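Undergrad: this is a predicted model, with the sequence first.
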Amino acid sequence: MEYSSNMLAVLEAIYNLRAASGNTKLSHCQVEKTSADFTEDKKPVKRQNWYNGKSRPEWQDIKKAINGELPRSHSVERKIASFNHDCKTSAFIDRIAIMERTISKLEADLEDQRKIHEDYVKTRRQGQYEEAHFKTKFDNYKKQAENFKKENVKDHKTIQNLMLDNELRRTENEKFRKLVSTQNAVECAEKQLFCPDLTNVSDDLSEQDLLTAYDKARESMLEKMLARMAKKPPSDIFLIFYSLNTDIKQIAEGLPFKFPENNYVFACFALPSMRRHIYDTTSNILELIPPSVILIDHNSNPPDKHSNVVELPEIRQNRSAMERLRSYIGQRRATYDVIQEGYENVTVIR
């Protein structure tokens, strides 16, 4: 940096005033007055030179030096210190400048380390929070697992007790069923007869439509019987499967019921799959004994042979429709193995 003669005079005045007073901040008037000792014409350098806001940057820095606002490492401060021709003093000032630069670097490094430390603390706290959260969840899962284990042991004991109770009931049921099987039939036992109702079926329907109507009537009557069974399970029930040319009321009168009342009879034509469906459905509702099955087999007596046909009183008005339906069913008849159907009590009447 180049200094004019007036600038040098002011700088030297600053140096001498500082040396005399020991203060860094000086009076601008005193600097102006003292500068006259260092000018060639012995006239003071007017302070308007550094007061002027549009003055050169060097004058602005000199103003700051007078106010004591410049660091020791600044070029203006070094120039002021150069007026002391003592080498030790100059070396000391240079050392101060080096130390100030070192301090600045150390402060920057310290700030970097502070930020690193803050990030570490934040990360560490987050890790501690996650660890605590994981531990809490782990403890909860562990407690739940222990509770599930206790419940499992309890359920296992309950199942064992239920199995023992079920075995006891099964034994008692077997005893009861043996007792029922040896019990004599009750005369004039009360019973309810359930048969598909074709009263309102038109005679003009084709054989296939008649069979469809019959299937619907059978399903409707089965649902009616099951609804009554759900309210009060029957004491005994007979399932009669026939080919439509049988006097069901006459057969029902001779059934060997073991109980005097609350007995059911369900009679219908059905193929083996439907027969098994009816059997299983009624068995699920009965409490102790399964239904007895009577299968009337007419394979040796074709249903279209009128000498073997017994008209049903309740469907006499639909005789022609029933005859056509019976003939249609007879043509589709096949021989079935009732043992494979799996009934427990079955009687085959030919």
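TA: Everything's here; your move. Residues are numbered from 1 along each chain as shown.
Undergrad: so L226 sits right up against T281, yeah?
TA: Yes: counting by Cβ atoms under 8 Å, L226 touches T281, with 6.5 Å between them. C-beta here means a position set from N, CA and C on the backbone, and glycine is covered the same way.
Undergrad: can you pull the phi/psi pair for the residue of the chain most remote from its centre?
TA: In the chain, the greatest distance from the average C-alpha position (Cα atoms, centre = their mean) is reached by D41, at 98.4 Å. Main-chain torsions, D41, degrees, to the nearest 10: phi -90, psi 0.
Undergrad: contact partners for it?
TA: Applying Cβ atoms under 8 Å, 6 or more residues apart in numbering to D41 gives no contacts.
Undergrad: measure it to N6 for me?
TA: Using Cβ to Cβ, to the nearest Å, D41 is found at 11 Å from N6.
Undergrad: now swap in V265 and tell me
TA: V265 is 139 Å from N6, where distance means Cβ to Cβ.
Undergrad: contacting residues for D337?
TA: With Cβ under 8 Å, 6+ apart, D337 has no contacts at all.
Undergrad: wasn't it part of a strand?
TA: No: under DSSP: H, G, I helix; E, B strand; the rest coil, D337 sits outside any strand and is assigned coil.
Undergrad: just the pLDDT at it, thanks.
TA: The model reports D337 with a pLDDT of 70.
Undergrad: I'd like the next helix or strand past the lowest-mean-pLDDT helix or strand in the chain.
TA: Using mean pLDDT, DSSP states H and E, helix 319-331 stands out as the lowest-scoring helix or strand of the chain, at a mean of 68. Per DSSP states H and E, helix 319-331 leads on to strand 345-349 as the next helix or strand towards the C-terminus.
Undergrad: name the residues that touch that following strand?
TA: I251, P290, P291, S292, V293, I294, L295, I296, D297, V338.
Undergrad: what mean pLDDT does the helix or strand where the fifth one lies have?
TA: With elements taken from DSSP H and E, the one containing V293 is strand 292-296. Mean per-residue pLDDT for strand 292-296: 89.
Undergrad: that strand versus strand 345-349: what angle between them?
TA: Angle of strand 292-296 versus strand 345-349, following axes from the mean of the first three to the mean of the last three Cα atoms, to 10 degrees, is 20 degrees.
Undergrad: how much space between the residue farthest from the centre of the chain and L11?
TA: 18 Å.
Undergrad: please apply the same query to T281.
TA: 120 Å.
Undergrad: show me the shaky parts of the protein.
TA: 1, 85-97, 173-184, 245, 287-288, 298-322, 330-336 (pLDDT under 70).
Undergrad: give me the domain ranges for it.
TA: According to automatic domain parsing, the chain comprises the domains 5-84, 188-349.
Undergrad: number of nearby residues for K33?
TA: K33: 15 surrounding residues under other Cβ atoms under 10 Å.
Undergrad: helix/strand/coil for W59?
TA: Classified using three-state DSSP, W59 is helix.
Undergrad: surely it touches Y3?
TA: No: W59 lies out of contact with Y3 (Cβ under 8 Å); the separation is 10.1 Å.
Undergrad: okay, those two: which has more neighbours?
TA: W59 (19 against 15).
Undergrad: now that one. Nearest residue, chain neighbours left out?
TA: Take W59 and drop its neighbours on the chain: the residue closest to it by Cβ to Cβ, 6 or more residues apart in numbering is W50, 4.3 Å away.
Undergrad: pretty sure the one you found contacts K63?
TA: Yes: with contact defined as Cβ under 8 Å, W50 reaches K63; the gap is 4.1 Å.
Undergrad: who touches both of those two?
TA: With Cβ under 8 Å, 6+ apart applied, the contact sets of W50 and K63 do not overlap.
Undergrad: can you classify P71 by secondary structure?
TA: coil.
Undergrad: just checking, V186 is part of a helix?
TA: No: using three-state DSSP, the secondary structure at V186 is coil, not a helix.
Undergrad: thought N262 was touching it, still the case?
TA: No: here V186 lies out of contact with N262, judged by Cβ under 8 Å, at a distance of 11.5 Å.
Undergrad: on that earlier part again, return the member of the contacts of strand 345-349 nearest to V121.
TA: P290 (78.5 Å; Cβ to Cβ).
Undergrad: against D280, how distant is the closest one?
TA: 10 Å.
Undergrad: more neighbours, those two?
TA: The neighbour comparison of P290 against D280 (other Cβ under 10 Å) goes to P290, with 17 against 12.
Undergrad: can you pull the contacts of the more buried one?
TA: By Cβ under 8 Å, 6+ apart, the contact list for P290 reads Y279, S283, E344, N345.
Undergrad: please, which helix or strand holds the first one?
TA: In this structure, Y279 sits in helix 272-285 according to DSSP H and E.
Undergrad: give me the distance from that helix to the chain's centre.
TA: Mean-position distance between helix 272-285 and its chain equals 40 Å (Cα atoms, centre = their mean, to the nearest Å).
Undergrad: neighbours of E207, how many?
TA: Neighbour number of E207 under other Cβ under 10 Å is 16.
Undergrad: I should have written H28 there, sorry.
TA: H28 has 13 neighbours, counted by other Cβ under 10 Å.
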